[in-house]
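Chemist: got a predicted structure here, sequence first:
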Amino acid sequence: MKSRIFLLIIVLLSTLQISFANNKIDNLFKKTKELPNAEYYTEDFKNPQVKGVVDGVKAIEVVEADIDNATYLALKKEIEEVDFKPYETILTTSEDDEFVKILIKSTPKKIKEIVVISLYSDEINVVRCKGNLKSDMLEKSKTN
């Protein structure tokens, strides 16, 4: 009985860890949407008219906002320091006042989400693509 309870606690804690990681991306979207002059856009590709735009993409979510220097510095620090697990960082680049981070959440055969965070001294853009992209699509794009 004790081992079952212990196993249940481990499962619950691992689930909470995944929820908190998702919340980090969700919190970044929420924080960006709340900025002055923020624009938010979402598109659901489940309906047949637009299916096949990009195979496997089910939804795209975009938020962009103008920012001041203090907001830029705070966001840059947060984005650099936060551990976004279970997302894997594919690319992080910083040059002058431009900062870009690309993250994916995947299984061995599929990419579930791609998140692109683009931060400049005067604006932030956050894009999230959700779906079931085949991992080999990335390999093919790397070779071309």
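Modeler: Looks like it arrived, so ask away.

Chemist: all strands of the protein, in order?
Modeler: Assigned by DSSP state E, the strands in the chain fall at 39-44, 57-66, 88-95, 98-106, 110-119, 123-134.

Chemist: Thr32 is nearest to which of those?
Modeler: strand 57-66 (4.7 Å; CB to CB). Every residue, glycine included, has its C-beta placed from N, CA and C.

Chemist: in that closest one, what counts as buried?
Modeler: 57-58, 60-65 (16 or more other CB atoms under 10 Å).

Chemist: one more: stretch 83-95?
Modeler: By neighbour count with 16+ other CB under 10 Å, stretch 83-95 contains the buried residues 84, 87.

Chemist: same thing with stretch 111-123?
Modeler: For stretch 111-123, using 16+ other CB under 10 Å, the buried residues are 111-117, 119.

Chemist: mind listing residues that contact it?
Modeler: 25, 28, 64-69, 72, 75-76, 79, 84, 87, 97-106, 124-135, 137-138 (CB atoms under 8 Å, 6 or more residues apart in numbering).

Chemist: what of stretch 30-48?
Modeler: Stretch 30-48 is contacted by residues 50-51, 53-54, 57-67, 71, 75, 124, 126, 131 when judged by CB under 8 Å, 6+ apart.

Chemist: distance check, the residue nearest to the spatial centre of the chain against Val63.
Modeler: The chain has Val115 as the residue nearest its centroid, 3.1 Å off, counting by CA atoms, centre = their mean. Applying CB to CB, to the nearest Å, the value for Val115 to Val63 is 11 Å.

Chemist: where does the prediction get shaky in the chain?
Modeler: Applying pLDDT under 70 to the chain picks out residues 1-22, 46-55, 135-144.
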